[in-house]
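A.B. asks: pasting a predicted model and its sequence here:
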Amino acid sequence: MNFEYFPNEILLECFQYFDALELFQSFGQLNLRFSKLIRTCPLNLSFHYVHKSIFDRFCQIMLSNSEIRSQILSLHLSNERTAGQIKLFLSLFSFEQFPNLRSLSLTKIRSGNVSQLKSMLPLLSKLSSFHLNETDIEIDEIISVLPLSLLHTLTLRTPVAILTTQDQMRSLRYLTLCDCRMSALYHL
């Protein structure tokens with residue numbers, strides 16, 4: 001049996017295993033049925049290690065189609081090996097334009113990204129998972145504006161003082177600290 005003849009339900013199930021970029025590159029131009037189908041399924045979008053031309057092309061797709069933005073459940077932005085990708089993304093979009101965003105990962109944020117992030121992070125009303133990876137900046141400012149009471153999963157490089165506020169952290173189920181001394185862990 002040819003892949004194109006599978007029923008939509010099976011295709012949608014298969015599509016869940018693809019990143020949004022892979023999905024659009026592989027199936028977006030295949031035929032009209034696939035093009036419409038991928039515009040109806042939940043998307044996980046990772047711009048980590050993505051070449052600028054691919055980043056630009058997919059951002060143009062999202063700018064021209066607000067429905068795609070509403071399909072995105074998880075988003076990974078990275079400044080690692082990119083030319084200021086986070087700043088560029090935040091100049092094109094507000095997190096408010098991703099109404100179903102549940103998971104956000106940020107890698108190698110720079111000090112120039114902090115003010116933009118501080119104004120946008122509180123708007124994420126459905127955020128349940130936040131990952132801050134490989135950053136050398138002070139993260140207290142960013143963590144202080146997160147909707148902590150909604151988070152189930154939090155990944156940070158080091159513990160921050162705000163984590164000691166138990167009322168805000170009641171919903172947290174998973175906390176990953178990449179670099180933590182026993183004395184800091186004791187205070188949590």
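C.D. replies: Yes, it's here.
A.B. asks: against Pro147, how distant is Arg110?
C.D. replies: Counting by CB to CB, to the nearest Å, the gap from Arg110 to Pro147 is 23 Å. (C-beta placed from N, C-alpha, C; glycine too.)
A.B. asks: tell me which of those two has more neighbours.
C.D. replies: Using other CB atoms under 10 Å, the more surrounded residue of Arg110 and Pro147 is Pro147, with 17 against 13.
A.B. asks: measure that one to Leu77 for me?
C.D. replies: From Pro147 to Leu77 the distance is 18 Å (CB to CB).
A.B. asks: next: Glu22.
C.D. replies: Per CB to CB, Glu22 is found 17 Å from Leu77.
A.B. asks: those two: who's more crowded?
C.D. replies: When Glu22 and Leu77 are compared for neighbours, Leu77 comes out ahead with 25 against 13, by other CB under 10 Å.
A.B. asks: can you confirm that one is in a helix?
C.D. replies: No - Leu77 is assigned strand when assessed by DSSP: H, G, I helix; E, B strand; the rest coil, not a helix.
A.B. asks: so in terms of bridging, what pairs with the one residue sitting closest to the centre of the chain?
C.D. replies: For the chain, Leu75 is the residue whose C-alpha lies nearest the centre (CA atoms, centre = their mean; 2.1 Å). Counting by DSSP bridges, Leu75 forms beta bridges with Leu45, Leu104.
A.B. asks: check whether Glu4 sits in a helix, strand or coil.
C.D. replies: Of the three states, Glu4 takes helix according to three-state DSSP.
A.B. asks: and the nearest residue to it once chain neighbours are set aside, how many neighbours?
C.D. replies: Nearest residue to Glu4 in three dimensions, chain neighbours excluded: Asn31, at 7.1 Å (CB to CB, 6 or more residues apart in numbering). If you count neighbours by other CB under 10 Å, Asn31 ends up with 10.
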